[in-house]
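Colleague: here is the input, now give the coordinates:
(one chain, ligands or ions: 1)
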Amino acid sequence: MATEPKKIIIDTDPGIDDAMAIFLALRSPEVEVIGLTTIYGNVYTTLATRNALHLLEVAGRTDIPVAEGSHVTLNKEPKLGVTDFVHGADGLGNQNFPPPNGKPIEESAADFLVNQAKVNPGKVTVVALGPLTNIALAIQMDPEFVKNIGQIVLLGGSFAVNGNANPAAEANIYGDPQAADVVFISGANVLAVGINVTHQVVLSGSDREKLASSKGKFAQYLTGILEVYFAYHFDAYNTNGAYLHDPTALLAAVDPSLVTCTEGTVRVQTSGITRGLTILCNKHKSFGEITEWSNKPSVKVAVTVDAPRVVKLVMDRLLS
Ligand SMILES: O=c1[nH]cnc2c1ncn2[C@@H]1O[C@H](CO)[C@@H](O)[C@H]1O
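Modeller: Now for the predicted structure:
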């Protein structure tokens, strides 16, 4: 018997690797994208909304609603900077795309998350590709949300390796550490895919050439925007390749067998020079004293990834 596709909401800050993840989701029969919610991170929230609408227009999927998310962190701090050096000033590789025709729905991202989880209890997976403000707001708005939401698969953290925003912190967690801490200890079914895993998943220069020589709509579009992303990786990592952060998290939601996980309680450092650091307590040791990790819910944290299979899925689905 054919199983129903899994309903997913992609919380996104597009973003070049976000664009890849969104297109991949639209090409994945295992999932049905029921909405996009937007957040700051790679760009400010207003531009994230514009880019989300634009990407759906490129895909011919304007039937999918876009709900705009928070412009400020959970603690109401304004965003002081975005990572335009990674994605270009427009978030999509400085390609001078025309503004979208569509508009976001009236509901806020957090309201949309709460309401969709309520009407499809246990059935919706949120794939969170940016800072976790909208998800934390949904958790705070509705005490039933953590029960109603099926799963939260998030791209975030740098478990036991250096971060990418700075040596301590991965960019999405660094974007709103308080929100991340709320999500990690909420009791929801959370799978964290961090850069300890996504740094193993690389789109090579020759993969990019294959995309460039394909006539596929998504391959053509991505070839244009990937130039800036590759240039950033060359500057930052001295490599001719690009990390597939968001596509890996998206595919982990589509096919959990692509990653293996450990389980434990994750807390986030919210201040000081290690602000945004994620620390997993793996429960292999019991501590003599009560700690900030004691008696808190566990989450799953990805520890290995089948990188060749992820890259193959990305290529197969984006080339077609
Ligand atoms: O050096 C960086 N600084 C900030 N954000 C980055 C950097 N490299 C990649 N990303 C973006 O942050 C998420 C993964 O942490 C991804 O969305 C990626 O595009």
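
Colleague: skipping its backbone neighbours, what lies nearest the one residue in the stretch 1-150 of the chain that gets nearest to the ligand in space?
Modeller: Using C-beta to the nearest ligand atom, the closest approach of the stretch 1-150 of the chain to the ligand is made by Thr83 at 4.0 Å. For glycine as for every other residue, the C-beta is placed from the backbone atoms N, C-alpha and C. In space, and not counting its chain neighbours, Thr83 is closest to Asn42: 5.4 Å by C-beta to C-beta, 6 or more residues apart in numbering.

Colleague: before we move on, the earlier item: tell me how many other residues surround the residue of the stretch 1-150 of the chain closest to the ligand.
Modeller: Thr83 has 18 neighbours, counted by other C-beta atoms under 10 Å.

Colleague: which residues touch it?
Modeller: Gly41, Asn42, Ala171 (C-beta atoms under 8 Å, 6 or more residues apart in numbering).

Colleague: then Asp255?
Modeller: Glu30, Leu313.

Colleague: let's see it at 7 Å
Modeller: Glu30 (C-beta atoms under 7 Å, 6 or more residues apart in numbering).

Colleague: give me the pLDDT for it.
Modeller: pLDDT, Asp255: 98.

Colleague: and the closest residue to the ligand within the stretch 151-300 of the chain, how many neighbours?
Modeller: Closest residue of the stretch 151-300 of the chain to the ligand, C-beta to the nearest ligand atom: Ala171 (3.3 Å). Counted with other C-beta under 10 Å, the neighbours of Ala171 add up to 23.

Colleague: now the one 5 residues further on
Modeller: Number of residues near Asp176 (other C-beta under 10 Å) recorded here: 32.

Colleague: please name the nearest non-neighbouring residue to Asn96.
Modeller: Asp90 (7.7 Å).

Colleague: burial of the one you found, as a residue count?
Modeller: Using other C-beta under 10 Å as the criterion, Asp90 is surrounded by 19 other residues.

Colleague: make 50 the starting number, not 1.
Modeller: Fine by me, first position is 50 from now on; the one you just mentioned is Asp139.

Colleague: ok so it is a strand residue?
Modeller: No. According to DSSP: H, G, I helix; E, B strand; the rest coil, Asp139 belongs to no strand; its state is coil.

Colleague: can you tell me how far it sits from Thr288?
Modeller: Look at Asp139 and Thr288: by C-beta to C-beta, to the nearest Å, they are 24 Å apart.

Colleague: then Gly224?
Modeller: Taken as C-beta to C-beta, the span from Gly224 to Thr288 is 24 Å.

Colleague: of these two, who's got more company?
Modeller: Neighbour count, other C-beta under 10 Å: between Gly224 and Thr288, Gly224 has more, with 27 against 14.

Colleague: near the ligand, which residues of this structure?
Modeller: Within reach of the ligand by C-beta under 6 Å from any ligand atom, the chain has these residues: 64, 66, 91, 132, 135, 213-214, 219-221, 244, 285, 294-295.

Colleague: please pick the buried ones from those residues.
Modeller: For the residues of the chain next to the ligand, a burial check counting by 16 or more other C-beta atoms under 10 Å picks out 64, 66, 91, 132, 135, 213-214, 219-221, 244, 294-295.

Colleague: could those go into TSV alongside distance to Pro357, pLDDT and secondary structure?
Modeller: Converted to TSV, these look like this (distance: C-beta to C-beta, whole Å; pLDDT from 0 to 100; DSSP: H, G, I helix; E, B strand; the rest coil):
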residue	distance to Pro357	pLDDT	secondary structure
Gly64	24	97	coil
Asp66	18	98	helix
Asn91	27	97	coil
Thr132	28	90	coil
Val135	25	96	helix
Asn213	23	97	coil
Ala214	28	96	coil
Glu219	23	98	coil
Ala220	25	97	helix
Asn221	25	98	helix
Ile244	19	98	helix
His294	17	98	helix
Asp295	18	98	helix
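
Colleague: distance between the ends of stretch 302-322?
Modeller: End-to-end span of stretch 302-322 (C-alpha to C-alpha, to the nearest Å): 32 Å.

Colleague: what's the answer for stretch 81-101, then?
Modeller: 16 Å.

Colleague: again, but for stretch 60-78
Modeller: So stretch 60-78: terminal residues 19 Å apart, C-alpha to C-alpha.

Colleague: related to what we said a few turns ago, pLDDT wise, what is the residue nearest to Asn145 at?
Modeller: The model's pLDDT for Asp139 equals 97.

Colleague: check Met50 too.
Modeller: 55.

Colleague: how about the one 4 residues further on?
Modeller: In the predicted model, Pro54 carries a pLDDT score of 95.

Colleague: over to Lys128: give its phi and psi.
Modeller: phi -80, psi 130 (degrees, to the nearest 10).

Colleague: mind listing what Ala228 touches?
Modeller: Here Ala228 is in contact with Thr122, Leu123, Pro180, Leu181, Thr182, Ala185 (criterion: C-beta under 7 Å, 6+ apart).
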